[in-house]
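Q: Got a predicted structure plus its sequence, pasted below:
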Amino acid sequence: MPRTSFGKTRTQDKPYAIYKNASGWEWRVLKTYKHSSAELKDPYARWFVAATSPMMHEGEFEMGDTYAGEIKQFGELVLADDTWLDEYA
């Protein structure tokens, strides 16, 4: 199984990717734990993210792990670096 290219934690102002939805949620992907091919087989695959929602003060983020599948299900990729686009888009 190949190793993830996104295993080094980034800051929230330089994430690997940003996902958003129309409800005001935003997830900034700062790290992944598995390669994308391994995530396909694991419904509990996690990403370390900085997230915000309409229930938070503007500009505030909470950091923590979130299921990758939930982000992909409820969010839309709006910004990513080239390596992320090659692997996930």
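A: Sure thing, it's come through.
Q: in this protein, which spans are helices?
A: 36-39, 68-74, 82-88 (DSSP state H).
Q: Show residues contacting the second one.
A: Contacts made with helix 68-74 from outside it, assessed by CB atoms under 8 Å, 6 or more residues apart in numbering, are listed as 19, 21, 25, 27, 29, 32, 39, 43, 45, 46, 47, 49. Where C-beta positions appear, they are placed from N, C-alpha and C, glycine not excepted.
Q: Can you select the buried ones from the residues you listed in ChimeraX?
A: Buried residues within the contacts of helix 68-74, by 16 or more other CB atoms under 10 Å, are selected in ChimeraX with:
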select :19,25,27,29,32,39,45,46,47,49
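Q: what stretches of this structure score poorly on pLDDT?
A: 1 (pLDDT under 70).
Q: And the residue positioned nearest the centre of the chain, how far from residue 49?
A: Against the mean C-alpha coordinate of the chain, by CA atoms, centre = their mean, the closest residue is residue 29 at 3.2 Å. Remark: distance between residue 29 and residue 49 (CB to CB, to the nearest Å) = 6 Å.
Q: Now do the contacts for the nearest residue to residue 34 once chain neighbours are set aside.
A: Taking CB to CB, 6 or more residues apart in numbering, and ignoring the residues beside it in sequence, residue 34 has residue 45 as its nearest neighbour in space, at 5.4 Å. Contacts for residue 45 (CB under 8 Å, 6+ apart) come out as 32, 33, 34, 38, 39, 67, 68, 69.
Q: distance of the first one from residue 16?
A: Taking CB to CB as the measure, residue 32 falls 8 Å from residue 16.
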